[in-house]
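Asks: predicted model and sequence follow; I will ask about them next.
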Amino acid sequence: MLRRIPPSTLFCLASASWLGPAYATPEYPSVLDAVSMTNCGEPAARCLVCHTTARGGQGTAEQPFALELRRLGLNHGHDASLLRSVLARVSDATDSDKDGLPDKQELSDCGNPSGEDLTEGPVYGCDGAQLAPHVASRGEHDPALGALALGLAAALVHFGRRR
């Protein structure tokens, strides 16, 4: 005999399915190195070249260099060949952060064409695996953790009422 599925269980499942996968682009730092003919090692916060946080992530590619790449046709990432093509179209004189050094030179020097020099960040790729220790700043939230907490709270309320 089948039992009726409690609404809290359905809510937890719906919350989990809503989250969807995280699409990391761990190859982008190596594409930057290949096009610049350099080897800057593991990303060492290379995500900050394009993203506003060292974790990268959707909606954070708002740095000056990312805006330049977007103007040249890069759209939503996840395509290493498109990134190579767009990087080839960056002018030798382009200086996204207006610091007097062209973007191509900064990339060749393992610098940051979007602003300040890079510090240690993710040890592998953007918005993905094995992130360096990260202290959350005010206002920074993890939607997956929030959905899990909400689902657990709903389950507790449901099963608490049954007793």
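Replies: Nice, thanks for sending it over. Remember, it's a predicted structure, so these values are computed and weren't measured experimentally. Residues are numbered from 1 along each chain as shown.

Asks: show me what the lengthiest helix in the chain is packed against.
Replies: Of all segments of type helix in the chain, defined using DSSP state H, the longest is helix 143-162. Contacts defined by 3 or more Cβ pairs under 8 Å, 6 or more residues apart in numbering; DSSP states H and E place helix 143-162 against helix 7-19. Using the backbone N, CA and C atoms, a C-beta is placed for each residue, glycine as well.

Asks: count of residues packed around Pro64?
Replies: 18 (other Cβ atoms under 10 Å).

Asks: now it. Nearest residue, chain neighbours left out?
Replies: With sequence-adjacent residues excluded and distances taken as Cβ to Cβ, 6 or more residues apart in numbering, Pro64 is closest to Ser96, at 3.8 Å.

Asks: and the one you found, what does it touch?
Replies: Counting by Cβ atoms under 8 Å, 6 or more residues apart in numbering, Ser96 makes contact with Gln63, Pro64, Phe65, Leu67, Glu68, Asp103, Pro113, Ser114.

Asks: type out the PyMOL command that picks the buried ones from the residues you listed.
Replies: This is the PyMOL syntax for the buried subset of the contacts of Ser96, where burial follows 16 or more other Cβ atoms under 10 Å:
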select buried, resi 63+64+65+68+103+113+114
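
Asks: narrow the contacts of Ser96 to those in helices?
Replies: Filtering those for helices - DSSP H - leaves Pro64, Phe65, Leu67, Glu68, Asp103.

Asks: which two of those have the greatest separation?
Replies: Greatest spatial distance among the ones in helices among the contacts of Ser96 (Cβ to Cβ): Leu67 and Asp103, at 11.6 Å.

Asks: in the protein, what secondary structure element scores lowest on mean pLDDT?
Replies: Least confident helix or strand of the chain, by mean pLDDT, DSSP states H and E, is helix 7-19 with a mean of 58.

Asks: pLDDT of the longest helix of the chain, averaged?
Replies: Averaged across helix 143-162, pLDDT comes to 76.
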